Each structure stands twice: as structure tokens, then as C-alpha cells.
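Student: Provide a 3D model corresponding to the input given below.
(chains A and B)
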Amino acid sequence: MSELQDLARKLLEEGTVQVVIGWEAGRRGLRPVTITDPSDVEKLVFDTRSVHNLATYLDPRRTQVRKLGKPAIVVKGCDTKAVAALLREAQIERDEVVLIGVRCGGVVKDPAGDATLTLETVAPRCAGCDVREPHLADFIIGEEQPEPPQVTSIDERVAELDAMTPDERFEFWASQMEKCVRCYACRQACPLCVCDQCVADKTVPQWIERSPHARGNLSWHMTRALHLAGRCVGCGECERACPVGIPITLINRKLQQIVAESFDFEVSDDPATASPIGTFRDDDREDFIL
Amino acid sequence: MSAATYISAEQLSVLVAELVAAGTRVVAPVSAADGTANYSEIETLAQATFNDALPMPSLKGHFLPPSEPLLSWRQNGGDVELTPAPNCFAAQVVLGARPCDVAALNVVDSVMNWDYHDDLWNGRRDASTIISIACPGVDESCFCSAVGLGPDATRGTDALLVAVEGGYLFEPVSEKGEAFLGEYERFFTAAPDTALAAGEAFRAEARARVEANLNIDTKRIEHWIDGHFDDDFWPTLGPRCNGCGACASVCPTCHCFDITDEQTGVGTGVRRRSWDTCQAKKFTLHASGHNPRDDQNSRHRQRISHKFYIYPSKFGDVLCTGCGRCVRVCPAGQDLIEILQGIDQLALSEEGSL
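Tutor: Predicted structure coming up:
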């Protein structure tokens, strides 16, 4: 821990950054913290409960964070995929942020829960993690960690849904969508939902019905999913933030599988790879256009 | 008020069956697959669960649904026909609601009958009989005692159940509760002394458990917020916050809504109200593009101020019943208990320096 705290103190004291965004121990487990005073760096903690994708705090529209000054954020390998996506989409410049990468051996699902990594507690996204070393970071700290417990991967869960009949699948999603109260916690927690004005907030004209009824919820969730196709980094913050427990990551992952198959694109921590939504190729598939 | 009587679990089950058969809508906590419970309509008592888990979300949605029609319209040549949404509701019995959820209904009644009498809210309230259940105190995020209630508080309820071996003590606390007991008297018996003693012990233990979680003076907090609009405390709250409405959607007292018109066909449509939250950027966005609460610091100040200063100044009650759901649900770890402790400490230290 002292390696992280020492680095944070140094960055703040040198004036390289004005704020370090990391995790602290709260009354209930770990939670994000913004440190502006070098004497507060002892609050910084990193462990298996460092669940939150702090890249969310890089959204330029979070003015209350922006006004604290240039940030350093603590990132796990998976979080760097979100930073890479923000760079790829020119939402931030690489020199606007200092990335403190930590070697990660997996995180739990619930930052307020048990810190022990077991098959029951480990976050599903840790299965088959391909970014255990945060290459994109300016600093990489911490010891090499053992591999996380291998839980059922999200692809296996998506395959279960794929195996259903269309009616069964519709029934499954209808019962999930019915719970949605349109609080938009999923959107707000997403590091890539960075639109100045979300289409869901437009009322003149109203593209998506505001009300949490079946039709409005279907419009919202379809739009959200499509806007994240080829962009979603699979961090699962949307699903964790959902107060009614909709398994949103299953939709995101399904879309990502389709994008991978159609456009030969896998989301990675390399910001130089062009994303399908930001490029045009003559040989792009168009057989789905009627 | 009557002393407690007793109803066995079997008799309660028969009573529920009778209510349902008579066309009464019965709402109770129902277990979900993941171990949580939510308030849902039941057909039989076996579907209900009165375990320790706090139902999620709160009971609010059964009185102020996440979305409901206010009126429908139809264009008829040059005229528009308006049809108000029906505000007559079938009789409803809420069984096993937590005291924090029930008190919240009573707190929100004030604003629903302030300068406007909300027919839909009041219609559902009038049609309902509420039988709450004494709560064991769920976890370290419960703080009902700190806002003038308690795990066995009876505010807003018609009768209170206390779980004892084999059944429940039943304590009517309102005319509706007395009437309910009168109507279904045959299901009840006199409470045995052992059950009364066990009930008392359960309530005392629960109170002690929750009281240990938070000790603040809400009056002191109210006074501090008045006059500290620009205090440096508020900008410490915004950075962590995602600005979602998860806290408001699970809150039993948050009652803000948005009204939108939605077309259902050519020349027809519905005007609906749907839950909204002061944590959303768009909540205060003016047509001019100006937004008086233009960042999460000011939006969070609004949330705390409304609950602990504005509402109490207007109606005499804090707009919070200490259920702790906002604390448990926040994906960013924002913690109302800690915020209240922070303000209370600031207020105390200022009192001390005077």
C-alpha cells in the first residue's frame, strides 16, 4: 500500500497532478475517493474490493471532478480498457491524466462485501482476464498477483440465453425490463456514456418514452445497448449500479460478440485500434441492410 | 388502543386467503431468487416472507407507482376530449411492511395534501389498511432511531405485528386497525404472557441495535443547513457521486415526479407522471439552457437540504425515515449516515465556538 501512497504523495507534491482518484475504506467496504491534499494519501487503499471503474471520473462532463484539477487515477488492467476507449474517441487527451496502474488478481462483486476471493464472491468479468498487467499506465505498481478463481464466464451465461427459444428469451428479458424504474444509474455509472445530452433526455422531439413502462423501457435498453456496441469494455459497472438487479452486462456482451464477428474487433487496452463505430471500410458488411 | 392480541401463522394464512377471496389486494414482502425481498401482491401467505432482509425497493411504488397515467386525450375535430385517470382504488391490505416504509407514507402525506390535494395518492392511501411488522434492525446502515422513529415505530400504521413463536402479536394503533381487528376477530386470541414478554424483548433488542448505528440531532442539522448554503462542506459530496437516481428510486420518501405526454396513436395519447430525481442534471435544466444546479455538488446539497432543512421547515418532519437503502444501493459508496454525522459535527463545533 505504501508504494501507492508514496507515488500519490509525490505526484501531488510535485504538482504533476492536483487530484488523485483512488479507493478508500469507508464505513462499508471500499469506495472511490478524491485526494487533493498530500497529507491525505494514507487514505488510499487497493485490494480485492477496488471494484469501481474509476475511469468513469474522467468524463469531462463531471465538472465537480474537473474543477479539482489535473487527475491521476488508479486503474486496474480492465479499467485501462475504458481509458483507451475514451482516448480512442477523443474524449480525453493522454497527457490530461496520469494513470497509476495496479497489478490485479481479481476483484469481488460487491465492494461492501467480503474481501476474500472465492467462486461465490469474484466478479464475473475476472474470468479469463486478458489485461492483468495495466500496460497503458504511466506507472505500474504492486506485486504480481495469483490468477482469480475461474467462475462461469459471461460468454457461458450469454450462451445459455442463446440456447433459449425466441419466446423464452423474450419472456426472460420482458421480466427483467419490467423491473426498470429508469433511474439511469446504468448510464451514469458507465465510463463510456459521455454524451452531452443523452437521447433518453430529449423531449422535443421525444425519441424514447420517458416512462418506465414496457415500451419505454424496451426503447431505452435497446438504445443504450446499441450505443455501446463495439464500445462497451465489459467493466460491469452498469449492472452493479442497477438498484433493481437487471443483468445488463449480458446484453452488452451479446452485442460485443456480434461486433467481434461482424467487424473483427475486440475491445482492448490499445487506444490506437480504431473502433468499428468510428471507422468506415469499403468491405464493411452490409448484408443486414434491407 | 387495545392491548396486543395474538394470531397464529396458520390463522393469518386463512385470513389472507379470505381477504384475497373477497377481492382485496394484499401486498407483502415476497422473496426473490437472489435472497432479497420485494413488496408484491400475494395470493397466499405462503408467498410472503417475513425474514430479516429489508425489502428492496421501498413500499413507495404501491402508492406512487414508478409511472402512472394522469389523463388520456383524444382529438375530436377541433376539440380535445380529456379523460382523467380513475382515482378509485380497490381495497388493499399491506401486510408485513417495515415501520420505516410505513412512516414514510405518513411523512409524504403532508406534501400530497399541501397546496394541491393529490387524488391518486390519497385514493390509494384511503383504500389501504397497513399492517406493519416490527423490524429486527437489518444492518449497520439502519438509522430509523436517529430520525425520531425506531424499528418498532407505529407512525402511519394501522396495526403492528411482532413475530413471536408460532405466530404474531397484533397491536392495533389506529381506527382502521381497530376496525380490522373487529371485523376479523375470530382469527385472533388473547396473547399469552410468554408471547408478550418475547415481543417486548425482541423490540427492545432491535431498538438497542439500531440506536447504536447513529446518534445525531436533526434539529441541529436543520439549523446548520439554514445559513450554510455556500459552505465548503457541500463540494466534498459531489465528486464521488455518479449523479444517478438509484438513491431516490429506492427511497421511501423521495416523491418527485416528471410529467410527460406520450402519444398512443394518431390524435390520442396519455399524460403520465414518472419518478424523477434532483440528482439528475436535467431536473433543473431551464428551457433557456441555464441550469441553476449545474454540478453534482449543488445537486447533492439539494438532496440533503430538501430532506433535512426544507421539508422539516415546511412540514415539521425530516424527509427521511432512516431505512438506509440509499446507503446500501449507492454504487459509489456515498453514505448518508456519514454525511449526517459530518453536518452534526460541524454544527456542534460552531455551537461550541459561539
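Student: Tell me where the model's unsure across the chain.
Tutor: Defaulting to chain A. Along chain A, the parts satisfying pLDDT under 70 run over A:1, A:290.
Student: Chain B is the one I meant
Tutor: For chain B, the ranges with pLDDT under 70 are B:1-3, B:354.
Student: Spatially central, which residue of it would that be?
Tutor: B:Pro252 (2.6 Å; C-alpha atoms, centre = their mean).
Student: how far away is that residue from chain A?
Tutor: For B:Pro252, the distance to chain A (C-beta to the nearest C-beta, to the nearest Å) stands at 13 Å. Using the backbone N, CA and C atoms, a C-beta is placed for each residue, glycine as well.
Student: Repeat that for B:Phe229.
Tutor: Computed as C-beta to the nearest C-beta, the B:Phe229 to chain A distance reads 16 Å.
Student: wait, what's in contact with the closest residue to that residue other than its chain neighbours?
Tutor: Closest residue to B:Phe229 apart from its sequence neighbours, by C-beta to C-beta, 6 or more residues apart in numbering or on different chains: B:Arg301 at 7.5 Å. For B:Arg301, the contact set (C-beta atoms under 8 Å, 6 or more residues apart in numbering or on different chains) comprises B:Phe229, B:Trp234, B:Leu237.
Student: List the buried residues of the strand or helix carrying B:Arg301.
Tutor: Here B:Arg301 sits within helix B:296-305, counting by DSSP states H and E. Within helix B:296-305, the residues that count as buried by 16 or more other C-beta atoms under 10 Å in any protein chain shown are B:Gln296, B:Asn297, B:Ser298, B:Arg299, B:His300, B:Arg301, B:Gln302, B:Arg303, B:Ile304, B:Ser305.
Student: thinking again about what came up before, please look at the residue nearest to the centre of chain B and B:Thr321 and confirm they touch.
Tutor: Yes - in this structure, B:Pro252 is within contact of B:Thr321 by C-beta atoms under 8 Å, at 5.9 Å.
Student: overlap in contacts of the two?
Tutor: Joint contacts of B:Pro252 and B:Thr321 (C-beta under 8 Å, 6+ apart) are B:Cys100, B:Asp101, B:Ala104.
Student: which among these gets closest to chain A?
Tutor: Ranked by distance to chain A (C-beta to the nearest C-beta), the shared contacts of B:Pro252 and B:Thr321 are led by B:Asp101 at 15.6 Å.
Student: Check the secondary structure at the residue in chain A positioned nearest to chain B for me.
Tutor: Using C-beta to the nearest C-beta, the single residue of chain A nearest to chain B is A:Arg31, 2.4 Å away. Here A:Arg31 takes the strand state, with states given by DSSP: H, G, I helix; E, B strand; the rest coil.
Student: Neighbours of the closest residue to it other than its chain neighbours, how many?
Tutor: Nearest in space to A:Arg31, with sequence neighbours left out and distances taken as C-beta to C-beta, 6+ apart, is B:Gly333 at 2.4 Å. B:Gly333: 24 surrounding residues under other C-beta atoms under 10 Å in any protein chain shown.
Student: Also B:Met112?
Tutor: Using other C-beta under 10 Å, B:Met112 has 18 neighbouring residues.
Student: Residues of the stretch 151-290 of chain A that sit close to chain B?
Tutor: A:181-189, A:201, A:203, A:206, A:209-213, A:216, A:237, A:240-245 (C-beta under 8 Å from any C-beta of the partner chain).
Student: tell me the centre residue of chain A?
Tutor: A:Cys235 (3.6 Å).
Student: Show the contacting residues for it.
Tutor: Going by C-beta under 8 Å, 6+ apart, the list of residues near A:Cys235 reads A:Asn53, A:Cys78, A:Asp79, A:Lys81, A:Ala82, A:Arg125, A:Pro191.
Student: circling back: relative to A:Asp59, how far out is the residue of chain A closest to chain B?
Tutor: To A:Asp59, A:Arg31 is 18 Å away according to C-beta to C-beta, to the nearest Å.
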